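In: Show me how the following folds:
(2 chains)
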Protein chains: 2
Amino acid sequence: MTKINKNKPLEGILVLEFCQYLSGPSAGLRLADLGARVIKIENPGKGDLCRILPIKDQWVEENTLLFHTINRNKESYTANLKSEGELAEIKKLISKADVMLHNFRPGVMEKLGLDFQQAKMCNSEIIFAEISGYGKEEPWAKKPGQDLLLQAMSGLMYASGDREDAPTPFGLAIGDILCGAQVVQAVLAALVYRKRKNKAVKIEVSLLESLIDFQFEIFTTYFTSGKLPVRSAVNNAHPLLGAPYGIYETHDGHIALAMISLKDLKETLGSTELDEFDQSMVFSKRDKIKSVLVEILKKENSAFWMKKLQANGLWAADLKNWEQLKNSEGYKKLQLEQEIKFSEEKTIKTNRCPIRIDGEVMWGEIPAPNLGEHSKAIKREFELNEELL
Amino acid sequence: MTKINKNKPLEGILVLEFCQYLSGPSAGLRLADLGARVIKIENPGKGDLCRILPIKDQWVEENTLLFHTINRNKESYTANLKSEGELAEIKKLISKADVMLHNFRPGVMEKLGLDFQQAKMCNSEIIFAEISGYGKEEPWAKKPGQDLLLQAMSGLMYASGDREDAPTPFGLAIGDILCGAQVVQAVLAALVYRKRKNKAVKIEVSLLESLIDFQFEIFTTYFTSGKLPVRSAVNNAHPLLGAPYGIYETHDGHIALAMISLKDLKETLGSTELDEFDQSMVFSKRDKIKSVLVEILKKENSAFWMKKLQANGLWAADLKNWEQLKNSEGYKKLQLEQEIKFSEEKTIKTNRCPIRIDGEVMWGEIPAPNLGEHSKAIKREFELNEELL
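Out: Numbering: from 1, shown residues only, chains lettered A, B, ... in the order given. The predicted structure follows:
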């Protein structure tokens, strides 16, 4: 049984998503999960290229698993935007929409005749949001806006890993996800604004700006001190934080230690090896303190240390991998999984939207559309030219 | 000269922020940057504990640099929420507010008499948003909701680093930032909804749910295949992606290679060592292909490889650290820095909001407030009891 919530907050909002891959579609997904109607406008040939971008070679019928996960709860309408006739129909759709979202490279929408100025002529209250890799200014505007490349350009790879390690990427598409989240924020702020001002609004966010925003602590510290933050040589978990902040190996696993004062640590571990250090040294002697902790903590099992740390109310955690998490009682209580049913035979399980509203989990169990699946119905509904199908 | 934008989209929206540290205040900051008026409600003793949480020992007068960065553009009102008289004044403020935001541990707001039910009695259209570490259900509800501990519980530490590395944390407070971003999304969606429905809305997000949402590709793949994703042994940059995706050492630095087909790579590198591999092996022989690339790429400088890769339009980037980024022309064009002036003598530089609206950067150059700085003015404006100051 597909779970559907009533009264989602964005019900009645129509979003046209001219997007591919991850950043734009992740924004569309959140808007859809919050109740908006999201129509993907896709090229009739291949559509969103994420349909064929394999993540670990997992496919669901003709589309990749990644595509399904990030495009559930949406409709698909195909149009050749280079055809004058089809473009005219798209403009009719724009005239009925609340939001347009695109992540083409700078210049593409202008060339198609679907930039903000054109969109405003179709709809004087359109909210027009665009995602780029690096903004619209040279010399970077035309560079490929791909997550790993942006991480590489943004300095982020010097935040994770230890000092002597190679630059260490975040192992997920952090730029895409943050940028998508910010576009949603801006679109919704513009919807609030539009209700009061009755005007069109243009929104721009770039992956690079999103990644720099994410590193605000690093940049502000660097601007203020003039010195580049440095990863700790031992068990780095944040280049700006002092000992003991990090992940430590125990005899049978790993534990995380967050902000814990040296005094509390000394008392809890009941060891004298830390006696030569005090709280004023947690930055200046960061690596030495951590090295001592490494030696102490590896002697006993995680459960042994966790019992002591928790008894004193200190900020520590026993590490879990995805399987251990999934099998935890706390995880099950959160109802984090939902089933998406494609047919009687084919179901996938994925995460739900992380937001609860009025105590209800926001479910979104409608499968991602096949390419052009809703073209005909949308043409009928909006009285578009059906001969162009 | 302090830069201020006119017509920010959330102008006229009043937010009361009952928050400390990073997740809640980062949500308040984004709302403030988008034009809302954000009043921090703080304990008269110490206030937001972030005021004294040092990041790399950097302070600006009596507050930490981190506090300043994440609380610019806000006001501070102090109240002892355990005093009946002061609580009554807070309830008057709630009756005038649009949004309440808190990140106390579950049960605290209930005990204070400021939970959703109580808030609704003061204001039938209040948007009440709460951030927790793990939701409100046992056995995890009472655990400390700190970023590194949540990363440890969420499986995220098995995404970065190489297969034989220890679990590798993301070197920044990713859970706090994602959760804060989602709260902003939900609050704004609720504002859109409220305009139509005239009712109060309750929003809940937890750090754990945010971090699991962030790993949707990992979890969906795991749910579907039943197999745990594994980091590549060589130059991992995403456990679900095949070769060559990763960071490679060159003779004088590092370059990032994103999705590039083996055929294109072979042609571009002009080497025969990859001849035994084809595109169907990029997952199954991921480590072998990457190992061959490691040997090839370290022989020449980054510029040599980048020239070849770019000539063929392939997805590659030369790594930059924060200093190299800051000195780039492309960075300067984005106008990413803003100055916050505390006094004639004291200025700090920090990042601006990453969103542009109607072509304008959103500046937010008003410094973070001292504890209780605006109490008196707010009492006067909202006709609260000034004797309680």
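In: Walk me through the domains of chain A.
Out: Annotated domains of chain A cover A:14-214+A:338-388, A:246-326 [automatic domain parsing].
In: So A:Asn235 sits against A:Ile247, correct?
Out: Yes - here A:Asn235 reaches A:Ile247: they are 5.9 Å apart, a contact under CB atoms under 8 Å. All C-beta spots, glycine's among them, are computed from the backbone N, C-alpha and C.
In: who's more crowded, these two?
Out: Neighbour totals were compared for A:Asn235 and A:Ile247, and A:Asn235 leads with 26 against 21 (other CB atoms under 10 Å in any protein chain shown).
In: what about the residue nearest to the more buried one when sequence neighbours are not counted, neighbour count?
Out: Leaving aside its chain neighbours, A:Asn235 sits nearest to A:Gly246 (3.5 Å; criterion: CB to CB, 6 or more residues apart in numbering or on different chains). By other CB under 10 Å, the residues close to A:Gly246 number 24.
In: dump the residue contacts of A:Gly246.
Out: A:Gly246 makes contact with A:232, A:234-237, A:256-257, A:290, B:148, B:169, according to CB atoms under 8 Å, 6 or more residues apart in numbering or on different chains.
In: Walking through the stretch 151-300 of chain A, point out its helices one by one.
Out: Along the stretch 151-300 of chain A, counting by DSSP state H, counting those that start in this stretch, helices occupy A:174-197, A:207-214, A:216-225, A:262-269, A:286-297.
In: Could I get those helices in CSV, plus columns for distance to chain B?
Out: Compiled in CSV, the helices of the stretch 151-300 of chain A are given as follows (distance: least, CB to the nearest CB, whole Å):
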stretch, distance to chain B
helix A:174-197, 3
helix A:207-214, 4
helix A:216-225, 4
helix A:262-269, 13
helix A:286-297, 10
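In: quick one on the thing from earlier: need the domains of chain A in JSON lines with mean pLDDT, can you?
Out: Conversion of the domains of chain A to JSON lines gives the following (pLDDT from 0 to 100):
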{"stretch": "domain A:14-214+A:338-388", "mean pLDDT": "93"}
{"stretch": "domain A:246-326", "mean pLDDT": "96"}
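In: quick one, what contacts the residue nearest to the spatial centre of chain A?
Out: Central residue of chain A (CA atoms, centre = their mean): A:Ile177, 2.1 Å from the mean position. Contacts for A:Ile177 (CB under 8 Å, 6+ apart) come out as A:22-23, A:26, B:178, B:214.
In: Among the residues you listed, which one has the most neighbours?
Out: Neighbour counts for the contacts of A:Ile177 peak at A:Ser23, which has 31 neighbours (criterion: other CB under 10 Å).
In: just checking, that residue touches A:Gly180?
Out: Yes - using CB under 8 Å, A:Ser23 makes contact with A:Gly180 at a distance of 4.9 Å.
In: coming back round to it: relative to B:Ala88, which of the helices of the stretch 151-300 of chain A is closest?
Out: Closest to B:Ala88 of the helices of the stretch 151-300 of chain A is helix A:174-197 (CB to CB; 30.1 Å).
In: tell me the angle of that closest one relative to helix B:207-214?
Out: Calculated by axes from the mean of the first three to the mean of the last three CA atoms, to 10 degrees, helix A:174-197 forms an angle of 110 degrees with helix B:207-214.
In: Could you check how many residues crowd around A:Glu365?
Out: For A:Glu365, the number of neighbouring residues by other CB under 10 Å comes to 17.
In: partners of the residue nearest to A:Asn235 in the sheet?
Out: On the basis of DSSP bridges, A:Gly246 is bridged to A:Leu257.
In: ok, which residues in the stretch 1-150 of chain A are in contact with chain B?
Out: A:7, A:9-13, A:30, A:34-35, A:53-58, A:65-66, A:68-70, A:134-135, A:137-140, A:143-144, A:146-150 (CB under 8 Å from any CB of the partner chain).
In: Kindly recompute the last result at 7 Å.
Out: Residues of the stretch 1-150 of chain A that fall close to chain B, judged by CB under 7 Å from any CB of the partner chain: A:9-10, A:30, A:34, A:55-58, A:65-66, A:69, A:134-135, A:137, A:139-140, A:144, A:146, A:148-149.
In: could the contacts of A:Ile177 go into CSV alongside distance to A:Phe277?
Out: Shown next, in CSV, are these (distance: CB to CB, whole Å):
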residue, distance to A:Phe277
A:Leu22, 44
A:Ser23, 45
A:Ser26, 44
B:Leu178, 34
B:Phe214, 35
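In: re earlier: may I see the helices of the stretch 151-300 of chain A arranged in TSV, with distance to A:Met100 as well?
Out: Formatted as TSV, the helices of the stretch 151-300 of chain A follow (distance: least, CB to CB, whole Å):
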stretch	distance to A:Met100
helix A:174-197	10
helix A:207-214	19
helix A:216-225	29
helix A:262-269	54
helix A:286-297	49
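In: Which of those helices sits closest to B:Lys320?
Out: Going by CB to CB, the one of the helices of the stretch 151-300 of chain A nearest B:Lys320 is helix A:207-214, 10.8 Å.
In: returning to what we had before: of the domains of chain A, flag the one that's most buried.
Out: The highest mean neighbour count among the domains of chain A, using mean count of other CB atoms under 10 Å in any protein chain shown, belongs to domain A:14-214+A:338-388: a mean of 21.
In: Now do the end-to-end distance for that one.
Out: The straight-line separation of the ends of domain A:14-214+A:338-388 (CA to CA, to the nearest Å) is 22 Å.
In: Check stretch A:273-287 too.
Out: Counting by CA to CA, you get 14 Å between the two ends of stretch A:273-287.
In: Let me know whether A:Gly330 touches B:Tyr134 as I believe.
Out: Yes - between A:Gly330 and B:Tyr134 there is a contact under CB atoms under 7 Å: 6.1 Å.
In: which neighbours do the two share?
Out: Counting by CB atoms under 7 Å, 6 or more residues apart in numbering or on different chains, the shared contacts of A:Gly330 and B:Tyr134 are B:Trp140.
In: Relative to its centre, which residue of chain A is most distant?
Out: In chain A, A:Thr272 marks the outermost C-alpha relative to the chain mean, sitting 44.3 Å out by CA atoms, centre = their mean.
In: Return the distance of that residue relative to A:Ile296.
Out: 10 Å (CB to CB, to the nearest Å).
In: Also A:Leu371?
Out: Between A:Leu371 and A:Ile296 the computed distance is 58 Å (CB to CB).
In: Return the backbone torsion pair for A:Leu325.
Out: Main-chain dihedrals, A:Leu325, degrees, to the nearest 10: phi -60, psi -50.
In: can you tell me which residues contact it?
Out: Contact analysis of A:Leu325 by CB under 7 Å, 6+ apart lists A:331, B:153-155.
In: I'd like to know which of those are part of strands.
Out: Secondary structure defined by DSSP state E assigns none of the contacts of A:Leu325 to strands.
In: Please produce JSON lines containing these, extended by distance to A:Leu101.
Out: Converted to JSON lines, the contacts of A:Leu325 look like this (distance: CB to CB, whole Å):
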{"residue": "A:Tyr331", "distance to A:Leu101": "32"}
{"residue": "B:Met153", "distance to A:Leu101": "33"}
{"residue": "B:Ser154", "distance to A:Leu101": "28"}
{"residue": "B:Gly155", "distance to A:Leu101": "30"}
